[in-house]
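Visitor: No sequence on hand, only this structure:
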């Protein structure tokens, strides 16, 4: 297969904008009506995610080995939608029909064969990963909402408890479906290290136009049952054998996975009396968004290895540190430190540029790669498959 041909043809197709996903979904729902129930009733936030992801992955087929772990995750993760091997045939046929429709005469036998071969490789990796994981884990985990605290008008802290064991690493993410929004899965990060009782803390902020986040903040109740997808991501996890001091930069509820890692490090200090020093900077627009301030200040007062800095960007009257958290963090980019960054795409992109400009090597900066482009890029790319999943 010629990757350049795939990329060029996909670029030509994407010039048609929203017409592409509209055609794709119309085709698949008409030709395979049995898959319609796997999607949410409202396709507004779903419409372009899958097609964009699929096209970009296939058109980069020359780097398939680099994406293999990501594809395996996708295969395992799609089990929660009740996806089986036969559904991949429907998707492949719909993808080729969409390409043929928009490419016209350029869609010849050779190009069709290249796209088919690339898609088959991807489908095989995903199907094999799904079948292997089905031997040891469920398609999803049912979990009970055991507590809810609406900390501000647009932010809720909730605790859920899976009914069977749910293993994850601090810093990972999980997808969640709530009963108020069936088939609309969104990703959140546990804000705590694993506990003996299995409970998981989640921080959910309402996003403008976000159907799921609004329902969590306003409608979810103690006693509701949610579904959890398998944990994903390892770039924000910490290895106990890594002695490097850490600079953690959080924007808004991007604090959650870093809080889990801090708890893990605190446990390591308690066991062995040693560990990395940690400096956490939490950046928000207004002071009242510092929703975990009491807990973090208490931790800073009681743990000599932990420093905490609050950074407010949009309140000129705030008496503490003001500005963009990435700019403030860059002043702390000392030799020997590694950085963990978590927040919205704009915040992460700005922070990456500030840290690298301050001399921090990109290899020493970690951030969730399902969401963001490489550290040496000038802009943060849109997510491949999880666009809008924080909504």
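Guide: All right, it came through fine. Since the structure is predicted, the reported quantities are computational estimates derived from the model, not experimental observations. Numbers count the residues shown, from 1 in each chain.

Visitor: Please report how far residue 124 lies from residue 63.
Guide: For residue 124, the distance to residue 63 equals 16 Å [CB to CB, to the nearest Å]. The C-beta positions use only the backbone N, C-alpha and C, and glycine is treated the same way.

Visitor: Can you find which strand in this protein contains the most residues?
Guide: strand 141-152 (DSSP state E).

Visitor: neighbouring strands for that strand, and are they parallel or not?
Guide: If you go by DSSP bridges, strand 141-152 pairs up with strand 155-162 (antiparallel), strand 225-228 (antiparallel).

Visitor: Give me the contact list for that strand.
Guide: Contacts with strand 141-152, where a contact means CB atoms under 8 Å, 6 or more residues apart in numbering, come from 156-164, 166, 199-200, 217, 220-228, 288-289, 291.

Visitor: okay, residue 124 and residue 63: which has more neighbours?
Guide: Each of residue 124 and residue 63 has its neighbours counted (other CB atoms under 10 Å); residue 124 has more, 14 against 10.

Visitor: separation between the more buried one and residue 338?
Guide: Using CB to CB, we find residue 124 at a distance of 36 Å from residue 338.

Visitor: Could you do residue 166 as well?
Guide: For residue 166, the distance to residue 338 - CB to CB - is 28 Å.

Visitor: can you map out the strands along the stretch 51-200 of the chain?
Guide: 141-152, 155-162, 174-177, 186-188, 200-205 (DSSP state E, counting those that start in this stretch).

Visitor: Of all these, which one comes closest to residue 17?
Guide: Residue 17 sits nearest to strand 186-188 of all the strands of the stretch 51-200 of the chain, at 24.9 Å, using CB to CB.

Visitor: what helices or strands is the longest helix seen in the chain leaning on?
Guide: Longest helix in the chain, counting residues (DSSP state H): helix 109-133. Helices and strands touching helix 109-133, by 3 or more CB pairs under 8 Å, 6 or more residues apart in numbering; DSSP states H and E, are helix 3-14, helix 49-59, helix 68-77, helix 85-103.

Visitor: and with 6 Å instead?
Guide: Applying 3 or more CB pairs under 6 Å, 6 or more residues apart in numbering; DSSP states H and E, one finds that helix 109-133 contacts helix 68-77, helix 85-103.

Visitor: In terms of secondary structure, what does the first one contact?
Guide: Contact analysis of helix 68-77 by 3+ CB pairs under 6 Å, 6+ apart lists helix 109-133 as its packing neighbours.

Visitor: Apart from its chain neighbours, what residue comes closest to residue 341?
Guide: residue 367 (4.4 Å; CB to CB, 6 or more residues apart in numbering).

Visitor: Look up phi and psi at the one you found.
Guide: With angles defined as degrees, to the nearest 10, residue 367 sits at phi -160, psi 160.

Visitor: Could you check the pLDDT of residue 59?
Guide: On the pLDDT scale, residue 59 is placed at 63.

Visitor: For stretch 148-167, buried residues please.
Guide: Judged by neighbour count using 16 or more other CB atoms under 10 Å, the buried positions of stretch 148-167 are 148, 154, 155, 156, 157, 158, 159, 160, 162, 166.

Visitor: go on, stretch 270-285?
Guide: For stretch 270-285, the neighbour count (16+ other CB under 10 Å) marks 275, 276, 277, 278, 279, 280, 281, 282, 283, 284 as buried.

Visitor: And the most far-flung residue of the chain relative to its centre, how far from residue 12?
Guide: What lies farthest from the middle of the chain is residue 105; by CA atoms, centre = their mean that is 38.3 Å. Taking CB to CB as the measure, residue 105 falls 12 Å from residue 12.

Visitor: picking that back up, can you give me the buried ones in the longest helix of the chain?
Guide: Buried residues in helix 109-133, counted by 16+ other CB under 10 Å: 111, 114-115, 118-119, 122-123, 125-127, 129-130, 133.

Visitor: Make JSON lines out of the residues you listed and add pLDDT and distance to residue 310.
Guide: Below are the buried residues of helix 109-133 laid out as JSON lines (pLDDT from 0 to 100; distance: CB to CB, whole Å):
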{"residue": "111", "pLDDT": "93", "distance to residue 310": "55"}
{"residue": "114", "pLDDT": "90", "distance to residue 310": "53"}
{"residue": "115", "pLDDT": "90", "distance to residue 310": "51"}
{"residue": "118", "pLDDT": "87", "distance to residue 310": "48"}
{"residue": "119", "pLDDT": "87", "distance to residue 310": "48"}
{"residue": "122", "pLDDT": "85", "distance to residue 310": "44"}
{"residue": "123", "pLDDT": "87", "distance to residue 310": "47"}
{"residue": "125", "pLDDT": "87", "distance to residue 310": "44"}
{"residue": "126", "pLDDT": "86", "distance to residue 310": "43"}
{"residue": "127", "pLDDT": "88", "distance to residue 310": "47"}
{"residue": "129", "pLDDT": "85", "distance to residue 310": "42"}
{"residue": "130", "pLDDT": "84", "distance to residue 310": "43"}
{"residue": "133", "pLDDT": "82", "distance to residue 310": "41"}
